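Asks: show me the folded form of this:
(3 chains)
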Amino acid sequence: MSNDLSPQNNKIVVRKLLLAVVGMFAFGFALVPLYDVICDLTGLNGKTGGRVSEAEAGILVDEQRVVTVQFMAHHNAEMGWNFEPSIAQLSVRPGEVNIVSYRVTNPGTDVMVGQAIPSVAPNAAAAHLNKIECFCFEEQLLQPGESADMPIRFFIDPELPASITKLTLSYTLYDITEKSDNVQAIAVR
Amino acid sequence: MSATHTISDAHDHHHGPAKGLTRWLYTTNHKDIGSLYLWFSFTMFLLGGAFALVIRAELFQPGLQFIEPAFFNQMTTMHGLIMVFGAVMPAFVGLANWLIPLMIGAPDMALPRMNNWSFWLLPFAFTIMVSTMFMEGGGPNFGWTFYAPLSTTYAPPSTTFFIFAVHVMGASSIMGSINVIATILNMRAPGMTFMKMPLFVWTWLITAYLLIAVMPVLAGVVTMMLFDIHFGTSFFNAAGGGDPVLFQHLFWFFGHPEVYIMILPAFGIVSAIIPTFARKRLFGYDSMVYATASIAFLSFIVWAHHMFTVGMPLAGQLFFMYATMLIAVPTGVKVFNWVATMFRGAMTFETPMLFAIAFVVLFTMGGFTGVMLAITPADFQYHDTYFVVAHFHYVLVPGAVFSIMAAAYYWLPKWTGYMYDETLGKLHFWLSFIGVNLLFFPQHFLGLAGMPRRIPDYALQFANFNWISSVGGFLFGFSQLILLFVVIKCIRGGKKATDQVWEGAQGLEWTVPSPAPYHTFETPPDPKLIHAQ
Amino acid sequence: MLSKAKLWLSLALSTLLFWSAGLHAAWDLNMPRGVTQMSRDTYDLHMTIFWWCVAIGVVVFGAMFWSIINHRKSKGVQPATFHESTKVEIIWTIIPFLILIAMAIPATRVLTAAYDASESELDVQIIGYQWRWEYRYMRENMDEEEVSFFSVLSTSREEINNGIEKGENYLLEVDRPLVIPTETKVRFLMTSADVIHAWWVPDFAIKKDTIPGFINETWVIVEEPGIYRGQCAELCGMEHGFMPIEVHALAPADYQAWYAEQQAGIRQVRELAAAEMSMEDAMAQGETIYNRNCVACHQPGGVGMPPVFPALAGSVKATGDVAVTMDTLVNGVPGTAMAAYGRQLNPIELASIITYVRNSFGNNTGDVVQPADVNAYIEGGQ
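Replies: Here you go, the predicted structure:
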């Protein structure tokens, strides 16, 4: 209140506010992992989780229930590979382990590295689709003209909400040759 | 008082302003800096307005007439960025500089040198921003909301400069708000308790805290963009495990409080003007303060209502819908208080009052469409259409911008020492009022009929209302030249203004002579002059 | 002065009425009621909220204008001195709160219905591209022909550039509309191949963002056969205003017939792709494809918009080794707006556009690229 004290008080106020500014800047970055955690827990954005160990599967197979899993393949606009699931859809029992493969071909004239990004609809099912093995965990390097069958081993968590009878697993394939650490990819660029 | 000498330029206190250009370059005087901010803001208003007129000219008729779609996108983007960050925000900072020390009986802002800095960063930032339009590939073309990946993987090369400009003006805003907070907390005259502060001071205090909270988040977002573009990170790039929707969450965590940053000081201005011309004390001062604080708090938990169509779980949609609707309550309290202030007053209708009344009516209409937009299922239809364009222009143009104009007319006699030309002022008001409604009201219909925003050309059923809207746009745009003329005329002379200027004016700024001397309240004002608002 | 303004206003409005007499439905004021339960519920909700707002507006503005008229200094009134009342503040906090609850209840009901996850009968993938939509009908097994196609604006550049009169569905028409059956729950699975777009058909009250790398879903049950139009609703770059949506809803039997026809068409294309194409055919079809898919960036005459969109006239890629032209068309150019057309066009179309580009705008290589060459390139990696 008294002007005589103000330089002292100003310093304190400025220091506190600058601290708040730095804190909020850091908070902005903290929101990134926080968002990922929230997404993992709620399936907010349809992203599936990481690798699940085999042991967690098959403990409890729900024989009473059948869920349809659809498989889709998408490409980013600039990705020229052929990319297709081996089957269009599969009826599975929650808890049982299934294997499906996607076929991919590099029709171009250069070595390329691809990365598949999974997404599940409805989003609420994302947290219940467990992958023991998936090509999306790694980059894929293909020589010109090369083809590969890429497997995914997965099971549906028996705790999948009862209202969901059909879920869709989609992969979008990206060209990440520019970003890859792979020796051959580096040689190409 | 001796202490304040050490933090501002000591010799300033004993002379008038320095002469020539250096006065403005080196000034640490809150009145000079306030004027600089206001002139800068007005320049940006005309520039952003010119861009808007390019948009309206292209939309005058269906078909492409004047500009290419690529340039159209740059126009919408630059119009938004310049109006938000270059016109509205600096105008409020300018008013804060001029008025807060006068209103709380302080000799200057708490940190005068930083004040100089925070202003002079702005022309620098906006020169960079505007110069991107002349770079290879053109300027920012991804909308003022710059959603990734359009603004990262698919952006023009000039985006790096855009990011730099955002950083610089962010720094300016943060420094400005630190200054406002320090001034209000530490520099109040004896007797000026918190609950005696004019509402303009209160709303600015809360605004400044909002700025401190969200401008760093914006800085963080653009930094992440920079890293995605140049350093191979994948914050917003799905290919590397990122998520483009995360960008929207972060952006709107900044963006929604930002919206209130542009309207809270307007509430303060209107709360000063209406009592003056109603010759009656503001109704419900305490509830006004609490309502402002509630709006500020709620602004942090409603951001996702900008993104109802991205595909959130039901629980999320419901939460953000309810929280958003809740904002209508404190906002409603404010409107009711203004009406109650007018009720059984003795009103006159000088130009500031006309702008303030127009503010109450038209801002409230923007508030109604805001409630409609909060209703998630209905928002699926409104989202990203001209209905949204109409909504936020109603709260920002006849809302924020009208309040700034009202403030300019209201305090102009105090700043210049002369009365402005009332006839021209009223002409300016009526042309602006008609223009703004012709411009934005038909856009509600366009949006409901299905016209998406940010398109350079449209289907034939949208032709009529676009035509009207463009006519309104040009009327409103060119009417602003009257304001420029009135201000220049008022600076050069006119009828001498009294100290109190307006019959019903209350507050410390009306106790100093008109024009306000270069230095005021070097000794604190008499506590007896400080009344409850 | 006020009356003068009114005079001008009425003058402007009457000119406007006269001028617009020829345009149809150009005075639409409100949102369509649409053809789904969801769209009607949304419309009713919208109107409910609207009338609430009107009612509040009448009360608040009524009180204000009554004060403005009666409590003015020129009438010689003395201002009152009251300036606070906790009771009044509480009342006008609680009443709006109750009104909001009254609004929130129907809103919650409509929103919950939109999230109904019960099983659909037909699933269609919607993929956004700069600046076109792709539709893929999901099959139950991989041996079936996959019905999938791109849907591109069919309004001509001459109409857009005001060279010729604009048609009735200016900017809202496409070459191949999405076709769906009526009375059927159709689920849409949406994603994007580049930036975020939003798929919006007002008559269905559906607007959903298509997000690269992520799947969004929504559904519709259309009740009446008809043609429904919409547009991309999320800014997606230069041609954002030029990627409309056209949906044809057919009675289920008609839809089945259409679907079978599409599958037969795919088999036919496969056979035709084996046949030889003449220069004339290739150039004619190539021109059509160019005007639909390429002209926005590469411009009429192949002059491009350098430096972002390169010229095709005299370009090395278009006139040099045919494999390079083919690679550019099929695989696109990473990091630019040039998309991989390998999946967007069939081999016949690809062969035609390649031939066209290599023999137009002053380019004169004289070679005719055959569908079989393109096929071999795509399938086998050259």
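Asks: count the neighbours of residue 91 for me.
Replies: I'll assume chain A. Residues near residue A:91, counting by other Cβ atoms under 10 Å in any protein chain shown, number 10. C-beta here means a position set from N, CA and C on the backbone, and glycine is covered the same way.
Asks: not what I meant, chain B
Replies: Counted by other Cβ under 10 Å, the residues lying close to residue B:91 total 27.
Asks: buried ones in the longest helix along chain A?
Replies: In chain A, assigned by DSSP state H, the helix with the most residues is helix A:6-42. Residues of helix A:6-42 classed as buried: A:6, A:9-10, A:13-14, A:17, A:20-21, A:24-25, A:27-29, A:31-32, A:35-36, A:39-40, A:42 (neighbour count, 16 or more other Cβ atoms under 10 Å in any protein chain shown).
Asks: of these, list those near chain B.
Replies: Among those, the ones lying near chain B by Cβ under 8 Å from any Cβ of the partner chain are A:6, A:9-10, A:13-14, A:17, A:20-21, A:24-25, A:27-29, A:31-32, A:35, A:39, A:42.
Asks: could you tell me the end-to-end distance of stretch B:124-140?
Replies: 17 Å (Cα to Cα, to the nearest Å).
Asks: same thing with stretch C:78-85?
Replies: 20 Å.
Asks: what sits up against that stretch?
Replies: Stretch C:78-85 has contacts (Cβ atoms under 8 Å, 6 or more residues apart in numbering or on different chains) with B:278-287, B:341, B:344-346, C:71.
Asks: of those residues - the most surrounded one?
Replies: Neighbour tally across the contacts of stretch C:78-85 (other Cβ under 10 Å): the maximum, 29 neighbours, falls on residue B:278.
Asks: now it. Nearest residue, chain neighbours left out?
Replies: Counting by Cβ to Cβ, 6 or more residues apart in numbering or on different chains, residue B:345 is the residue found nearest to residue B:278 once chain neighbours are left out, at 3.0 Å.
Asks: in this structure the one you found contacts residue C:75, no?
Replies: No. Counting by Cβ atoms under 8 Å, residue B:345 sits too far from residue C:75 to count as a contact (11.4 Å).
Asks: list the contacts of the closest residue to chain B within chain A.
Replies: Going by Cβ to the nearest Cβ, chain B is nearest to residue A:28 of chain A, at 2.9 Å. Counting by Cβ under 8 Å, 6+ apart, residue A:28 touches B:216-217, B:219-221, B:250, B:253.
Asks: in three-state terms, label the closest residue to chain C within the stretch 351-500 of chain B for me.
Replies: Per Cβ to the nearest Cβ, residue B:455 is where the stretch 351-500 of chain B lies closest to chain C, at 3.2 Å. Counting by DSSP: H, G, I helix; E, B strand; the rest coil, the backbone at residue B:455 sits in coil.
Asks: can you give me the strands in the stretch 51-200 of chain C?
Replies: In the stretch 51-200 of chain C, the segments counted as strands under DSSP state E, counting those that start in this stretch are C:122-129, C:132-137, C:148-151, C:178-181, C:186-192, C:197-201.
Asks: pick the most buried one from those.
Replies: Among those, ranked by average contacts under mean count of other Cβ atoms under 10 Å in any protein chain shown, first place goes to strand C:197-201 (a mean of 27).
Asks: can you tell me the strand partners of it and which way each runs?
Replies: Taking DSSP bridges as the criterion, strand C:197-201 sits next to strand C:206-210 (antiparallel), strand C:226-232 (antiparallel) in its sheet.
Asks: can you pull the poorly scored residue ranges out of the chain?
Replies: In the absence of a named chain, chain A is used. Low-confidence segments of chain A, defined by pLDDT under 70: A:1-7, A:43, A:45-46, A:49-51, A:53-59, A:185, A:188-189.
Asks: hmm, no, I was thinking of chain B.
Replies: If you take pLDDT under 70 as the line, chain B has these spans: B:1-15.
Asks: find the closest residue to chain A in it.
Replies: Here chain B gets closest to chain A at one residue, residue B:220, 2.9 Å apart by Cβ to the nearest Cβ.
Asks: wait, that residue sits on residue A:25?
Replies: Yes. Counting by Cβ under 8 Å, residue B:220 does reach residue A:25; the two are 5.4 Å apart.
Asks: hang on, the earlier thing: and the furthest pair within the contacts of residue A:28?
Replies: Among the contacts of residue A:28, the pair separated by the greatest distance (Cβ to Cβ) is B:219 and B:253, at 12.5 Å.
Asks: can you give me phi and psi for residue B:143?
Replies: Note on residue B:143: backbone dihedrals following degrees, to the nearest 10 are phi 80, psi 160.
Asks: count of neighbours near it?
Replies: Residues near residue B:143, counting by other Cβ under 10 Å, number 19.
Asks: who in the stretch 101-250 of chain C is up against chain A?
Replies: Residues of the stretch 101-250 of chain C lying near chain A by Cβ under 8 Å from any Cβ: C:117-120, C:123, C:125, C:127, C:129-130, C:138-142, C:189, C:191, C:193-194, C:212-217.
Asks: now with 7 Å?
Replies: C:117, C:119, C:123, C:125, C:127, C:129, C:138-142, C:189, C:191, C:193-194, C:212-217 (Cβ under 7 Å from any Cβ of the partner chain).
Asks: what's around residue C:363, how many residues?
Replies: Using other Cβ under 10 Å, residue C:363 has 18 neighbouring residues.
Asks: now swap in residue A:62 and tell me
Replies: Look at residue A:62: counted by other Cβ under 10 Å, it has 16 neighbours.
Asks: which strand or helix spans residue B:317?
Replies: For residue B:317, the host element (DSSP states H and E) is helix B:314-326.
Asks: that helix packs against which elements?
Replies: If you count contacts as 3 or more Cβ pairs under 7 Å, 6 or more residues apart in numbering or on different chains; DSSP states H and E, helix B:314-326 packs onto helix B:351-374, helix C:86-114.
Asks: buried stuff in that helix?
Replies: For helix B:314-326, burial by neighbour count (16+ other Cβ under 10 Å) applies to B:316-326.
Asks: same check, this time on stretch C:47-54
Replies: Neighbour-count burial for stretch C:47-54 flags C:48-50, C:52-53 (criterion: 16+ other Cβ under 10 Å).
Asks: please apply the same query to stretch B:503-515.
Replies: Along stretch B:503-515, these residues count as buried under the neighbour rule (16+ other Cβ under 10 Å): B:504-512, B:514-515.
Asks: for stretch B:520-531, same thing?
Replies: Within stretch B:520-531, the residues that count as buried by 16+ other Cβ under 10 Å are B:520-521, B:524-525, B:530.
Asks: ok, which pair from these is furthest apart?
Replies: Pairwise distances across those (Cβ to Cβ) peak at 14.8 Å, for the pair B:520 and B:530.
Asks: kind regards, and thank you for your time.
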